[in-house]
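Undergrad: Following is a predicted model, sequence given first.
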Amino acid sequence: MSANKKLSIEAYKGTRDFYPKEQFVQNYIFSVWRKVAQSFGYLEYNASLLEETELYRAKSGEEIVSEQTYSFTDRGGRDVTIRPEMTPTVARMVAQKRKELTFPLRWFSIPNLFRYERPQKGRLREHWQLNVDIFGVESAQADIEIIKVAHGIMKAFGASDEDFEIRINDRRLLNFLLHEHLGLDESRAYKLSKLVDKMHKMKAEEFLKAAAEILGHKAKLFEEVLYVKSLDELGEKAPKSTGAHGLQQIFAGLKAAGIKNFVYDPSLVRGFDYYTGVVFEVFDTSPANNRSIFGGGRYDDLVGIFGVEKVPGVGFGAGDVTAADFLQTHGLMPEYRPDIDLYICHLDGYLDNANNLADKLRKQGVRAAVDLTDKKVSQQVKTADREQIPFVVVVGEEEVKTGKFKLKNLKEGKEVEMSADQIISVLRNINK
């Protein structure tokens, strides 16, 4: 590199730097995800961010590999990819130890993922994603539970039912409409499903024109089933629809669980090729952020691509970028508070005493930071205030002599004199 060329201070395009306030928000999102997943009995796992490229080529789709991944040949001549998603990885892990695992298997993870695409609102090149999956259950009960987890996450964020809706479809139903109802061959059915997956990003007339190019005289028949509002209406237009019974079971199960904000959406496809049954997406209903927040579905064939017996699976992935956008849109962002309970200031010559106090407090679980500068006490207090640390004490001759400290609440401007043990008690109670 040229000695005169300055290094960029910007993060790589499509990635983020997490300063403490941004990290606080991400930690909050992760904590909600983890708490809800664990409340349903899901266990956390993880894996390397590197996988053989063929894994994604086999099931995520060639488009994902050729256009959206960070793929390269390593020094051993192996074709590898930085993971763009987690589902193929967890399927590989299940395939590897299927004889040792106990089913039904409930797992979750929060990996970071990379996709080479144009950064835009809600979509970056790197993000973190909650993955929740259940393996070993063929019945609709697993689909119902997974959607309940998704709904539970939204409620744990403080969302009302009016803030979001869950849109649900079934790939089997879609396949029936494409092959049996419309009579399309495999090639045209695939093209139309990919088009439907993109329809909400296109103008209506543009979409219908593209559909007509694939369907010809059957375009009108297609429109009739694409815009139905319920399974009953679909049954009138396309009798004997395969997949409808499964959706009816799921809808009944969600209603029994008290979940009402779901709808049938025949246009919902989800882009990955590995989905075999129900698919769903959680949508933000706010006009300011009217978009999909996250989604998932059933993939009963994915484990089988490794040459072992099939293991049914269903799950979803929820990204941190869209989660933060949702929280911001609905005024649900948590109030920032640093992970520091107390800032200890000191008069000149009393730094050692301040450190001794801090050591005592830390042993009792208080998160204490000591000002290590020789600034005036007023400046030390300003440092704590700028960092939004809630409490300060000052250590000087009087405090060392009496063992009493004035604990000041910076937000309220109040201070109370107390011993170190009393400080421990007060801060412990606040952190409960």
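TA: That came in fine, so what should we check first? Just so it is clear, the model here is predicted, and its values are computed rather than measured.

Undergrad: Tell me which residues touch the closest residue to Lys21 other than its chain neighbours, please.
TA: Ranked by Cβ to Cβ, 6 or more residues apart in numbering and with sequence neighbours excluded, the top spatial neighbour of Lys21 is Tyr336, at 5.3 Å. Quick note: C-beta positions are derived from backbone N, CA and C, even for glycine. Tyr336 makes contact with Lys21, Phe24, Val25, Gln388 under the criterion Cβ atoms under 8 Å, 6 or more residues apart in numbering.

Undergrad: what's the answer for Tyr264, then?
TA: By Cβ under 8 Å, 6+ apart, Tyr264 lies in contact with Arg167, Ile168, Asn169, Val228, Lys229, Ser230, Leu231, Leu234, Leu247, Phe251.

Undergrad: Tabulate the residues you listed (JSON lines), appending distance to Pro84 and pLDDT.
TA: JSON lines is the format used below for those (distance: Cβ to Cβ, whole Å; pLDDT from 0 to 100):
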{"residue": "Arg167", "distance to Pro84": "23", "pLDDT": "96"}
{"residue": "Ile168", "distance to Pro84": "25", "pLDDT": "95"}
{"residue": "Asn169", "distance to Pro84": "23", "pLDDT": "92"}
{"residue": "Val228", "distance to Pro84": "33", "pLDDT": "82"}
{"residue": "Lys229", "distance to Pro84": "34", "pLDDT": "81"}
{"residue": "Ser230", "distance to Pro84": "35", "pLDDT": "84"}
{"residue": "Leu231", "distance to Pro84": "33", "pLDDT": "84"}
{"residue": "Leu234", "distance to Pro84": "33", "pLDDT": "80"}
{"residue": "Leu247", "distance to Pro84": "29", "pLDDT": "91"}
{"residue": "Phe251", "distance to Pro84": "32", "pLDDT": "95"}
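
Undergrad: In strands, which of those residues appear?
TA: Members of these lying in strands (criterion: DSSP state E): Arg167, Ile168, Asn169.

Undergrad: Tabulate those (a markdown table), appending distance to Gln364 and neighbour count.
TA: Converted to a markdown table, those look like this (distance: Cβ to Cβ, whole Å; neighbours: other Cβ atoms under 10 Å):
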| residue | distance to Gln364 | neighbour count |
| --- | --- | --- |
| Arg167 | 50 | 18 |
| Ile168 | 51 | 22 |
| Asn169 | 55 | 25 |
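
Undergrad: which one of those sits closest to Asp320?
TA: Closest to Asp320 out of the ones in strands among the contacts of Tyr264 is Arg167 (21.2 Å), distances taken as Cβ to Cβ.

Undergrad: follow-up on the earlier one: now the residue nearest to Lys21: how far from Ala368?
TA: Separation of Tyr336 from Ala368 (Cβ to Cβ, to the nearest Å): 19 Å.

Undergrad: ditto for Leu361
TA: Separation of Leu361 from Ala368 (Cβ to Cβ): 5 Å.

Undergrad: Return every residue with contacts to both of the two.
TA: Applying Cβ under 8 Å, 6+ apart, one finds that Leu361 and Ala368 are jointly contacted by Leu342.

Undergrad: for the stretch 301-432 of the chain, what spans make up the helices?
TA: 320-329, 351-363, 377-386, 397-402, 420-431 (DSSP state H, counting those that start in this stretch).

Undergrad: typo on my end, it should be the stretch 151-300 of the chain
TA: With DSSP H, counting those that start in this stretch as the criterion, the stretch 151-300 of the chain has helices spanning 171-175, 186-197, 204-215, 219-226, 231-237, 244-256.

Undergrad: what's the farthest-apart pair in the contacts of Tyr336?
TA: Greatest spacing in these, by Cβ to Cβ: Val25 and Gln388 (14.0 Å).
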